[in-house]
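# this is the structure alone, sequence omitted:
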């Protein structure tokens, strides 16, 4: 996984990418391998306001039609060569490498975003355009439902599974979530496995349930992330509270890009993870036990 270069940019851009990466890793941890389909984390380009109306020249005739055919026929900028016409996307063949696309975080253009790619049926890892992939390929671009690879001078595609739009809902596990409040855990009607099932069956729920927001101290230093947008479902399933700031995953603190990458690497295979959260000025630990969970 190559995220150190992603996180080396300016603070605001790095935090946006890091938030996207944490969200992606959280989804992988919950077992929702393809629910990041087309999730837009970057703002769309603002619409350009229409310019002022240009008055007609005195010599012209108001309302006279424009002879577009004559302009096109004049070939004012020369004739386009056949080689200048871009190839249709369907000409790019699917890759023969043993890779699977688990999820994408699509940006405003194909050279921005993140992809979760696994090799040989193994664990998924996070990649960005330009990263080298197993098998000698390089990730060239990220689209809503597939990615573009470059290998030996040729472009290839790697698509999300065909059942991404309606992923099968796994059997719900009723193993309760352990937390810092053991007396309340058995009575929670919403389990972590139940939250995972919802993410699997409702791709749009990811954006609503997992919204990492960077939190800084008075000196401007990054101290962790707060999850927003989950409402009662997220808080009941995890034991978090709305104002909690996640400062560490296991023993890795989320106070800089490098340590956050280490935390993401641990999340991929975790059956149990301990979050350190800052609540009401003090830190406490919450243990999430994912069990078999479907």
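Looks like it came in fine. Computed from a predicted structure; not experimentally measured.
# residue 118 is in what secondary structure piece?
Per DSSP states H and E: residue 118 is located in strand 113-119.
# that strand - which strands sit beside it in the sheet, and in what orientation?
When pairing is defined by DSSP bridges, strand 113-119 lines up against strand 99-106 (antiparallel), strand 124-127 (antiparallel).
# can you pull out the strands in the stretch 101-250 of the chain?
For the stretch 101-250 of the chain, applying DSSP state E, counting those that start in this stretch gives strands covering 113-119, 124-127, 138-142, 146-151, 154-159, 211-216, 222-228, 245-249.
# save these as JSON lines, and put in mean pLDDT too.
Formatted as JSON lines, the strands of the stretch 101-250 of the chain follow (pLDDT from 0 to 100):
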{"stretch": "strand 113-119", "mean pLDDT": "79"}
{"stretch": "strand 124-127", "mean pLDDT": "75"}
{"stretch": "strand 138-142", "mean pLDDT": "92"}
{"stretch": "strand 146-151", "mean pLDDT": "93"}
{"stretch": "strand 154-159", "mean pLDDT": "93"}
{"stretch": "strand 211-216", "mean pLDDT": "76"}
{"stretch": "strand 222-228", "mean pLDDT": "79"}
{"stretch": "strand 245-249", "mean pLDDT": "86"}
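# related to what we said a few turns ago, what angle do the strand holding residue 118 and strand 138-142 make?
For strand 113-119 against strand 138-142, the angle by axes from the mean of the first three to the mean of the last three Cα atoms, to 10 degrees is 130 degrees.
# got the angle for strand 113-119 vs strand 154-159?
Angle, strand 113-119 to strand 154-159, by the same axes, to 10 degrees: 90 degrees.
# output the below-cut-off pLDDT ranges for the stretch 1-150 of the chain.
Applying pLDDT under 70 to the stretch 1-150 of the chain picks out residues 1-90, 105-108.
# again, 80 this time
1-91, 102-109, 112-116, 121-126, 144 (pLDDT under 80).
# give me the contacts around the host helix or strand of residue 275.
Assigned by DSSP H and E, residue 275 falls within strand 272-279. Contact with strand 272-279 is made by 29, 223-224, 238, 240-241, 243-250, 253, 266-267, 283-290, as judged by Cβ atoms under 8 Å, 6 or more residues apart in numbering. Every C-beta, even on glycine, is put in place using the N, C-alpha and C of the backbone.
# do stretch 143-156 as well
With contact meaning Cβ under 8 Å, 6+ apart, stretch 143-156 is reached by 37-38, 92-97, 101, 104, 106, 110, 115, 117, 133, 135-142, 157-160, 164.
# residues contacting residue 95?
Counting by Cβ under 8 Å, 6+ apart, residue 95 touches 137, 149, 151, 156, 157, 158.
# how near is it to residue 224?
Separation of residue 95 from residue 224 (Cβ to Cβ, to the nearest Å): 38 Å.
# repeat that for residue 244.
Relative to residue 224, residue 244 is positioned 9 Å away (Cβ to Cβ).
# who's more crowded, those two?
Neighbour totals were compared for residue 244 and residue 224, and residue 224 leads with 25 against 22 (other Cβ atoms under 10 Å).
# ok, for that one, nearest residue in space, not its chain neighbours?
Spatial nearest neighbour of residue 224, chain neighbours left out: residue 247 (3.8 Å); criterion: Cβ to Cβ, 6 or more residues apart in numbering.
# distance check, that neighbour against residue 91.
Computed as Cβ to Cβ, the residue 247 to residue 91 distance reads 49 Å.
# quick one: name whatever helix or strand follows the strand holding residue 275.
Once the chain leaves strand 272-279, the next helix or strand it forms, by DSSP H and E, is strand 282-289.
# tally of neighbours for residue 129?
Residue 129: 19 surrounding residues under other Cβ under 10 Å.
# dump the residue contacts of the closest residue in space to it that isn't next to it in sequence.
Leaving aside its sequence neighbours, residue 129 sits nearest to residue 111 (Cβ to Cβ, 6+ apart; 4.8 Å). The contact partners of residue 111, taken as Cβ under 8 Å, 6+ apart, are 129, 141, 142.
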